[in-house]
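K.L.:
next input, structure requested:
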Amino acid sequence: MDKILPAHSDPLFSILIITLLVLVVAIVSSIMGNYKEEQQKKSLKNFLGTIKTDECTLDIEKLPFETTLITPLSLLANTFQTQGEYQKAISIYLYLIENIQVFSQKEHLLEGLGETYLKAGFLKRSESVFLEILHKHPRNKEALYHLEVVYELLNEYDLANEIIKPLQLLGEDATTLQAHLKLSTFLKNRDIESKEKVERLLNFIENGSYPYRRVIQELFKLDREKAWSVLDVTKVDLILDILWFLPSSNLNFDIIIQDEILKSIYIAKGILEVKDDLITSGIFAIDTINAAQKGGSFDVDLNFNYGCRRCKQHFPISFERCPKCYAIDTIQVKVSLSKKRPLTGYSLL
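P.N.:
Numbering: from 1, shown residues only. Predicted coordinates for the structure are as follows:
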């Protein structure tokens, strides 16, 4: 007698079961996806509701939204931010973020909004924007970097240091950032005695991982003799303005007269006497002043401004981080000649 096979052994039945399972999984996934998207929309809406926008000066809320507006308005917001028209940029970013439905399309707009708040000085708003981005996309490197800048500007160095580990886990080289934060935290600490500070600064100089300009400038404030003893003439281009504006009482002439470059700088400054033999330093502006003095003209002076090696922007005052791109230790001291003006007692120290 033939053995009767169970009905469920039929291949068609198995295919039907598999098909039904696939459909169930697809339906559940779709429902969960829609639910997650709705939650993200609700979360973002609540988040935007915490940001006051009544001070924004660009009224575009009544503009009918179309997807074709996303690119040109994004470019316009970026232009406004670059020109310093921060309120107009904020208005556009908020308008786009509120009208775009897919969060992945909003992410770069939120980055722009956070950076605009940062540049405008609204640090707490900037912090909340970058935290919102990282809540949904914790691997966003740009958001991490900008959040670290926010914490640094708020002098919350403990929180700034907490950003280093995630960046390292994402494969970023945070060595420069780590040294920068360590030095900043150290310089802000008022509980350290001056003698200990000097010793630590000398160790920073010897280490070589820390921004030379910042360390030597701080040493000149605390112990000018120690500063002169570790002065690296090969790096004079980084500190020419610091040396130029040092008061005469802070100069170590025993060291200066032993080096042609230092001697040239202070002859140009008018502190050392012009000799018969013209001394050259290899610094164009200094050598030009000395040549002019040799010819009897003593009304030439130096002007300084500061450039960033990374973004190539120029600024009238010195910086630790580039005000434009936030790069660390990228300062370039730019020198130009000008007519000498009456002394104002100005000093970088």
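K.L.:
okay, domains of the protein per the record?
P.N.:
For the chain, automatic domain parsing gives the domain ranges 42-137, 141-210, 235-339.
K.L.:
count the residues that sit near residue 257.
P.N.:
Residue 257: 12 surrounding residues under other CB atoms under 10 Å. Just so you know, the C-beta spots here come from the backbone N, C-alpha and C atoms, and that holds for glycine as well.
K.L.:
do I have it right that it meets residue 263?
P.N.:
Yes - the criterion here is CB atoms under 8 Å, and residue 257 meets it with residue 263 at 5.9 Å.
K.L.:
and for the two, which residues touch both?
P.N.:
Taking CB atoms under 8 Å, 6 or more residues apart in numbering as the contact rule, residue 257 and residue 263 both touch residue 272.
K.L.:
any stretches of the stretch 151-300 of the chain with poor pLDDT?
P.N.:
Scanning the stretch 151-300 of the chain for pLDDT under 70 picks out 275-276.
K.L.:
swap in 80 and give it another go.
P.N.:
Counting by pLDDT under 80, the stretch 151-300 of the chain shows low-confidence ranges at 274-279, 295-296.
K.L.:
so residue 95 belongs to a strand, correct?
P.N.:
No - the assignment for residue 95, made by DSSP: H, G, I helix; E, B strand; the rest coil, is helix rather than a strand.
K.L.:
give me the pLDDT for it.
P.N.:
pLDDT for residue 95: 90.
K.L.:
and it, how many residues sit next to it?
P.N.:
22.
K.L.:
tell me how far the helix or strand hosting residue 239 is from the chain's mean position?
P.N.:
Under the criterion of DSSP states H and E, residue 239 resides in helix 236-244. Chain-centre distance of helix 236-244: 23 Å, with CA atoms, centre = their mean, to the nearest Å.
K.L.:
counting by contacts, list what that helix packs against.
P.N.:
Contact here means 3 or more CB pairs under 8 Å, 6 or more residues apart in numbering; DSSP states H and E; on that basis helix 236-244 packs against helix 212-222, helix 260-268, strand 300-308, strand 331-339.
K.L.:
go again using 10 Å as the cut-off
P.N.:
When contacts are defined as 3 or more CB pairs under 10 Å, 6 or more residues apart in numbering; DSSP states H and E, helix 236-244 packs onto helix 212-222, helix 260-268, helix 284-294, strand 300-308, strand 331-339.
K.L.:
returning to that earlier point: closest one to residue 218 among the domains of the chain?
P.N.:
Nearest of the domains of the chain to residue 218, taken as CB to CB: domain 141-210 at 5.9 Å.
K.L.:
start to end distance for the closest one?
P.N.:
End-to-end span of domain 141-210 (CA to CA, to the nearest Å): 23 Å.
K.L.:
would you mind finding the most buried of the helices and strands packed on helix 236-244?
P.N.:
Most buried of those, by mean neighbour count (mean count of other CB atoms under 10 Å): helix 260-268, with a mean of 21.
K.L.:
next, the angle from that helix to helix 284-294.
P.N.:
50 degrees (axes from the mean of the first three to the mean of the last three CA atoms, to 10 degrees).
K.L.:
numbering from 22 from now on, please.
P.N.:
Yep, numbering from 22; the last one is helix 281-289 now.
K.L.:
got the residue ranges for the helices in the stretch 122-271 of the chain?
P.N.:
For the stretch 122-271 of the chain, applying DSSP state H, counting those that start in this stretch gives helices covering 124-141, 144-157, 162-174, 178-183, 185-190, 196-209, 215-228, 233-243, 245-250, 257-265.
K.L.:
same for the longest one, what does it pack against?
P.N.:
Think helix 124-141. Against helix 124-141 (3+ CB pairs under 10 Å, 6+ apart) you get helix 32-70, helix 91-103, helix 107-120, helix 144-157, helix 162-174.
K.L.:
can I get the ones you listed in CSV including distance to residue 339?
P.N.:
Output for those, formatted as CSV (distance: least, CB to CB, whole Å):
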stretch, distance to residue 339
helix 32-70, 37
helix 91-103, 22
helix 107-120, 24
helix 144-157, 22
helix 162-174, 17
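K.L.:
pipe the domains of the chain into JSON lines and attach distance to residue 243 per row.
P.N.:
Shown next, in JSON lines, are the domains of the chain (distance: least, CB to CB, whole Å):
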{"stretch": "domain 63-158", "distance to residue 243": "30"}
{"stretch": "domain 162-231", "distance to residue 243": "5"}
{"stretch": "domain 256-360", "distance to residue 243": "12"}
